[in-house]
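Asker: Please find the sequence and the predicted model below.
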Amino acid sequence: MSTFTVGGLSTGIDYNDLISKLIEAKRQPINILESKKTSYNDRISSYSDLSTKLAALKSAADKLKTGYNFYVKTATVSDSTVLGASASSSASIGNYSVSVTTLASEEKEVHSGVTASTTVINNSGSDKVFQYTYAGTQRTLTVANGKTLDDLKNLINDDASNPGVTATVVNDGTGSSAYKLIITGKDPGATKTITIDAGTTLDGTGSTTDFRSTTFTQKKTAADADFTVDGLQIKRSSNSITDVIAGVTVTLKKASASSTITVAADRSAIKTQIDSFVTAYNDVVSFFSTNMAYDSVTKTSGILAGEGTARNVHNQLRSIISSTVSGQPEGLNMLANIGITTDSETGLLETDSSTLETKLGSSLDDVAELFKDTSNGIATEIYDYITQITSTVDGSITLRKNGIQDIIDNIDDTIRNMEYRLDKTEDDLVRKFTALEMIVSGFNTVGNFLTNFSTIA
């Protein structure tokens, strides 16, 4: 844009306004290109929104395309005070009788106690040793002169090589021995025992407190869980059992008691996953309806109207949804057979919940195959197709977005060239009108001279 101005003192013409209007007229092709650029950017944004909705549909399809996700199971127990249970999709449907004899437990050793947590336990003038073993690992801790009961607790807890115990100090209110050191194993199981070892030199002599094994009482014994499943005797080091009933996690809660675990197909959860798939599909269809439609009232088209890529995606998704799954029994080879139909006007899926629930109850395996058949199951095909078209390398949506971006880049280049030429045109106009003003000014000067000369003569 030129920074020069042209006066109009001689001609009375506002050249600056005239130049501005001439340049604005010549700028119209640039304005048209800018408008096209905005439209193309809107298309890229719309394709990005479409990709987001397709990702949601792909995620919903993923939950239906494998038996692991489709066959949602539920585990219930007859007595929740005895045990708890949860089931994965791999669990087998059935009943399991569980009888708990003993629970797995961690070991707890309690010292006889001292007067206060600040009581000095080593006043011998030299270092002493506290030695213990947990689960086969021995630790020897140096207790310096002047250390208190709290200091010993911290030595145990802060030990970088602590094998898995926690030390606490508890006041049980028993007078001169009220403050007791308690050492607790972190894990249950018969191998997780605690022993106070012979290397302990805090022995009660030479102004020390006795912390040998004889001053500790075992308040809780390390033990394995002992239980039966359908009469089979089993022992485990934990009360959380994952390797006895396939696909079922059992949590033992109470000893000398029994409960029954019932594993069943969770049809409600399966239906919820199917409903989520329908919702995600309808969200994609609604997006197409909004962005590809022509509004006869406003005479405007959606931003993706005329986009072949979008039209192909829409058509292919509709084709998959309405397809027949080969290999399925007659009457269970289309979504319509399980109560999921397509509205002929809107293209949206509609679900007859009663029909769907009935089919899930009577033909669960066939319904599963309708979605997850590895060759042409509905969910499998939807998942694979969306994976293909959204590939960041050669997916059709990615390629179309890149193609549109190339168009935008070309428009930017064209606009830059046109702006350059327009600036030169403006500079030329300024120079020409400046020259014209100077010529007119010269004529006016001559005219004034002749007029004055005539008057004198």
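Answerer: Arrived safely. Here the structure is a predicted model, which means the values were calculated and not measured.
Asker: got the contact list for residue 242?
Answerer: Going by CB atoms under 8 Å, 6 or more residues apart in numbering, residue 242 touches 249-250. The way it works is simple: take the backbone N, C-alpha and C, and place the C-beta from them, glycine included.
Asker: Next one: it relative to residue 371, how far apart?
Answerer: 28 Å (CB to CB, to the nearest Å).
Asker: Residue 47 now?
Answerer: Taking CB to CB as the measure, residue 47 falls 28 Å from residue 371.
Asker: ok, these two, which is more surrounded?
Answerer: A count of neighbours by other CB atoms under 10 Å puts residue 371 above the other of residue 47 and residue 371, at 26 against 22.
Asker: The stretch 251-400 of the chain: strands as residue ranges?
Answerer: 257-265, 294-295, 300-301, 340-342, 349-351 (DSSP state E, counting those that start in this stretch).
Asker: Now the first one: buried residues?
Answerer: Read that as strand 257-265. 259, 261, 263, 265 (16 or more other CB atoms under 10 Å).
Asker: Tell me the bridge partners for the third one.
Answerer: When bridges are taken as DSSP bridges, the partners of residue 263 come out as residue 75, residue 94.
Asker: How about the contacts made by it?
Answerer: Residues in contact with residue 263 (CB under 8 Å, 6+ apart) are 73-75, 87, 91-96, 247-248.
Asker: CA atoms only for stretch 355-371, dumped as CSV, please.
Answerer: Coordinates of each C-alpha in stretch 355-371 appear next as CSV, following Å, rounded to 0.1, in the frame of the first residue of the first chain:
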residue,chain,number,x,y,z
THR,A,355,-36.6,-57.2,21.0
LEU,A,356,-32.9,-56.6,21.7
GLU,A,357,-33.2,-57.8,25.3
THR,A,358,-35.1,-60.9,24.1
LYS,A,359,-32.4,-61.8,21.6
LEU,A,360,-29.6,-61.2,24.1
GLY,A,361,-31.4,-63.6,26.4
SER,A,362,-32.2,-66.4,23.9
SER,A,363,-29.4,-66.1,21.3
LEU,A,364,-26.4,-64.3,23.0
ASP,A,365,-23.8,-66.1,21.0
ASP,A,366,-25.5,-65.4,17.6
VAL,A,367,-25.9,-61.7,18.6
ALA,A,368,-22.2,-61.6,19.5
GLU,A,369,-21.2,-63.0,16.1
LEU,A,370,-23.4,-60.5,14.3
PHE,A,371,-21.2,-57.8,15.6
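Asker: which residues sit against it?
Answerer: Counting by CB under 8 Å, 6+ apart, 64-65, 67, 70-71, 265, 267, 270-271, 274, 325, 327-329, 332-335, 337-340, 377-380 sit against stretch 355-371.
Asker: Select only the buried ones of those in ChimeraX?
Answerer: Buried residues among the contacts of stretch 355-371 (16+ other CB under 10 Å), as a ChimeraX selection:
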select :64,65,70,71,265,267,270,271,274,325,328,332,333,334,335,337,338,339,340,377,378,379,380
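Asker: Go through the contacts of stretch 355-371 and flag which are in helices.
Answerer: Counting by DSSP state H, those place 67, 70, 267, 270-271, 274, 378-380 in helices.
Asker: Between all of those residues, which two are separated the most?
Answerer: Distance extremes for the ones in helices among the contacts of stretch 355-371: the farthest pair is 267 and 380 at 21.3 Å, using CB to CB.
Asker: domain parsing for the chain?
Answerer: Domain assignment for the chain by automatic domain parsing gives 1-72+266-449, 73-104+224-265, 108-220.
Asker: Kindly reformat those as a markdown table containing mean pLDDT.
Answerer: A markdown table is the format used below for these (pLDDT from 0 to 100):
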| stretch | mean pLDDT |
| --- | --- |
| domain 1-72+266-449 | 88 |
| domain 73-104+224-265 | 97 |
| domain 108-220 | 97 |
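Asker: ranges for the helices of the chain?
Answerer: Taking DSSP H, the helices of the chain run over residues 15-26, 28-62, 67-70, 149-158, 267-292, 308-321, 353-362, 364-372, 378-389, 396-456.
Asker: For residue 168, find the nearest of those.
Answerer: helix 149-158 (6.8 Å).
Asker: Other residues contacting that closest one?
Answerer: Counting by CB under 8 Å, 6+ apart, residues outside helix 149-158 touching it are 114, 116-119, 121, 130, 141, 143, 147, 162, 165-169, 179, 181, 183, 209, 211.
Asker: switch the cut-off to 10 Å
Answerer: Residues from elsewhere that reach helix 149-158 (CB atoms under 10 Å, 6 or more residues apart in numbering): 111, 113-122, 130, 132, 139, 141-144, 147-148, 162, 165-169, 179-183, 202, 209, 211.
Asker: likewise stretch 289-299?
Answerer: 42-43, 46-47, 49-50, 300-307, 310-311, 314, 346-348.
Asker: Can you select the buried ones among those residues for me in ChimeraX?
Answerer: In ChimeraX syntax, the buried subset of the contacts of stretch 289-299 is picked out as below (16+ other CB under 10 Å):
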select :43,46,47,50,302,303,304,307,310,314,347
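Asker: can you count the residues close to residue 61?
Answerer: Neighbour number of residue 61 under other CB under 10 Å is 27.
Asker: My guess is it contacts residue 278. True?
Answerer: No. Here residue 61 lies out of contact with residue 278, judged by CB atoms under 10 Å, at a distance of 11.1 Å.
Asker: Export stretch 113-123 to PDB, keeping only CA atoms.
Answerer: The C-alpha atoms that make up stretch 113-123 are tabulated as PDB, following Å, rounded to 0.1, in the frame of the first residue of the first chain:
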ATOM      1  CA  GLY A 113       7.200 -51.400  76.200                       C
ATOM      2  CA  VAL A 114       8.900 -48.400  77.800                       C
ATOM      3  CA  THR A 115       7.800 -45.300  79.700                       C
ATOM      4  CA  ALA A 116       7.600 -42.900  76.800                       C
ATOM      5  CA  SER A 117       8.300 -42.700  73.100                       C
ATOM      6  CA  THR A 118      11.200 -40.400  74.000                       C
ATOM      7  CA  THR A 119      12.700 -42.800  76.400                       C
ATOM      8  CA  VAL A 120      16.400 -43.400  75.600                       C
ATOM      9  CA  ILE A 121      16.900 -47.000  74.800                       C
ATOM     10  CA  ASN A 122      20.700 -46.900  74.500                       C
ATOM     11  CA  ASN A 123      22.600 -45.000  77.200                       C
END
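Asker: So for it, what gets flagged as buried?
Answerer: Buried residues in stretch 113-123, defined by neighbour count with 16+ other CB under 10 Å: 113-114, 117, 120-122.
Asker: Contact partners for residue 173?
Answerer: Contacts of residue 173 (CB under 10 Å, 6+ apart): residue 179.
Asker: With the one 5 residues further on instead?
Answerer: With contact taken as CB under 10 Å, 6+ apart, residue 178 is in contact with 113-117, 170-172.
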